[in-house]
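Peer 1: Mind looking at a prediction? Sequence and model below.
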2 protein chains.
Amino acid sequence: MDSLTEENYIKSIYSLSQATGEVFVSELAKKLNIKQPSVNSMMKRLATKKVVAYAPYKGIRLTEKGKKEALSIIRRHRLAELFLVKVMELGWEEVHDIAEQLEHVDSKRFYSRMDEMLNFPKFDPHGEPIPDSNGKIHTQKRTSLSDLAEGLTATIAAVAEDEKSFLDHLNAKGLQIGDAVTLKKREPFDGSVTLRHKSKKEILLTHQVAERIWVE
Amino acid sequence: MDSLTEENYIKSIYSLSQATGEVFVSELAKKLNIKQPSVNSMMKRLATKKVVAYAPYKGIRLTEKGKKEALSIIRRHRLAELFLVKVMELGWEEVHDIAEQLEHVDSKRFYSRMDEMLNFPKFDPHGEPIPDSNGKIHTQKRTSLSDLAEGLTATIAAVAEDEKSFLDHLNAKGLQIGDAVTLKKREPFDGSVTLRHKSKKEILLTHQVAERIWVE
DNA sequence: TTAATTTGTTAGAACAGTCTAACTTTTTAA
DNA sequence: TTAAAAAGTTAGACTGTTCTAACAAATTAA
Ligand SMILES: [Mn+2]
Ligand SMILES: [Mn+2]
Ligand SMILES: [Mn+2]
Ligand SMILES: [Mn+2]
């Protein structure tokens, strides 16, 4: 169907267009580390394949077909991540890079067995929802830890990033999905927050980190 | 290091050159379903990469570096096949195609976890030896079922092919690795053999099938 | 509202990997 | 030992994916 390269474009278009429904060539180029003219010519190609709707100088948007393909890739990625954590006992910080490769494996059986073994899971190791095999995905409105009111307690539901360096940082701070945290203090100057955590220790996070943690 | 395409060439060169130490462009072209000129230009490329030794009109042979790479790919392929059978409970007939993709996954961790989970296995689901992480491989001399003397009993140790259609055929006949079979009769006309098997049934195999079954 | 900046496009090149057509070398068989 | 067949090579082309250089459009700021 699509090449690995095309799949990676589709996935990025999906995630970058979440908010407004469209992405710009410049954003995609930055995300994929590819120059703008390359993105431009790929958009022409994906447009002829009816995966994106694209008019010169206008934003890029996925067609229904494109959305379906994006969700299918995201499903494979997240199922793979969870499989790597739950079945293969890898750390949540090391699975993303492997899943980037596994998501391109073309085999219904491989993924349906994962799904069965994991008992049809709803969330990946980073708290992100796993689209079902029909492409349905649970999108809940989320509160960032950087917006939690002082004094309130909440549970870490997900992280907005699954890059190793970020998760290594959370590991070092001792934070995991499911942990309850109480927001003790927010510094008005730089937005950094101090948390109370089950570890009994106080944890200090910069704004940059706190805003990537979703709580509920 | 190498592209997926290069890895596939290297793997094929390794298996086709097993017997004599070299392969010819025509053999490689047939195996890979690629035209001879394409193989020719790839050989030039692999030669500059010091993966093969290649002189015009001479056979192709892997360098030490090339052999090491081949064994590493074969290791990944066979580990993946066994993982798919033992951990993911797929059938031995459906794992080869998936392993053809998984073998190209670039992740030491992924494979070392498989190795651990499988307890450092020595053979894949088709009875083929799995090279160790240093590239050492157990090569035993094998007897083909088509050469077994009449009246003798032997154990199925491996199959020479792991294509789905062949294994589906063995499944239909009820044959598996580890099964004891007694050679009741060999037809001189076409080399087909009749076996006695634990299933109590007599099994008839054509020469074409029997010669792909290794016994010991 | 003009000028600077940012964003996007076109043109043209390059590399990986493949092909067909045409030619050469080697092997096989008459 | 020559002629036919098989195997291998070269030349040239094409697709996919990417790049740089140059230019055009849209946006932002003076
Ligand atoms: Mn991920
Ligand atoms: Mn994730
Ligand atoms: Mn195989
Ligand atoms: Mn095998």
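Peer 2: Cool, the structure landed. Quick caveat, the model's predicted, so the values are computed rather than measured. Residues are numbered from 1 along each chain as shown, chains lettered A, B, ... in the order given. Ligands and ions are numbered 1, 2, ... in the order given.
Peer 1: buried ones in the lengthiest helix in chain A?
Peer 2: In chain A, with assignment by DSSP state H, the single longest helix is helix A:64-86. By neighbour count on 16 or more other CB atoms under 10 Å in any protein chain shown, the buried set for helix A:64-86 is A:66-85. Quick note: C-beta positions are derived from backbone N, CA and C, even for glycine.
Peer 1: And stretch A:49-67, by the same measure?
Peer 2: A:51-54, A:60-63, A:66-67.
Peer 1: anything in that stretch near DNA strand C?
Peer 2: Yes: counting by CB under 7 Å from any atom of the strand, DNA strand C is contacted by stretch A:49-67 at A:56-57, A:59.
Peer 1: which among the buried residues of stretch A:49-67 gets closest to ligand 3?
Peer 2: Closest approach to ligand 3 among the buried residues of stretch A:49-67 (CB to the ion): A:Val51, at 33.0 Å.
Peer 1: From what I see, the closest one and A:Ile73 are in contact.
Peer 2: No: applying CB atoms under 8 Å, one finds A:Val51 not in contact with A:Ile73, separated by 11.7 Å.
Peer 1: what touches both of those two?
Peer 2: A:Ile10 (CB atoms under 8 Å, 6 or more residues apart in numbering or on different chains).
Peer 1: related to what we said a few turns ago, check the buried residues of stretch A:49-67 and tell me the two furthest apart.
Peer 2: The span of those, defined through CB to CB, is set by A:Tyr54 and A:Lys67 at 14.6 Å.
Peer 1: Show me which residues of the very next helix or strand once past the longest helix of chain A are buried.
Peer 2: Following helix A:64-86 in sequence order, the next helix or strand is helix A:95-102 (DSSP states H and E). The neighbour-count check on helix A:95-102 (16+ other CB under 10 Å) flags A:95-96, A:98-102 as buried.
Peer 1: now swap in stretch A:209-216 and tell me
Peer 2: Neighbour counts over stretch A:209-216 (16+ other CB under 10 Å) mark A:209-215 as buried.
Peer 1: Tell me, how many residues neighbour A:Pro129?
Peer 2: For A:Pro129, the neighbour count with other CB atoms under 10 Å in any protein chain shown is 18.
Peer 1: Tell me how far the closest residue to it other than its chain neighbours lies from A:His126.
Peer 2: Once flanking residues are discounted, A:Pro129 sits nearest to A:His138: 4.4 Å by CB to CB, 6 or more residues apart in numbering or on different chains. Distance, A:His138 to A:His126, by CB to CB, to the nearest Å: 15 Å.
Peer 1: More neighbours: the two, which one.
Peer 2: A:His126 (22 against 11).
Peer 1: could you list every residue that touches that one?
Peer 2: By CB under 8 Å, 6+ apart, the contact set of A:His126 is A:81, A:92, A:158-159, A:161-162, A:167, A:177.
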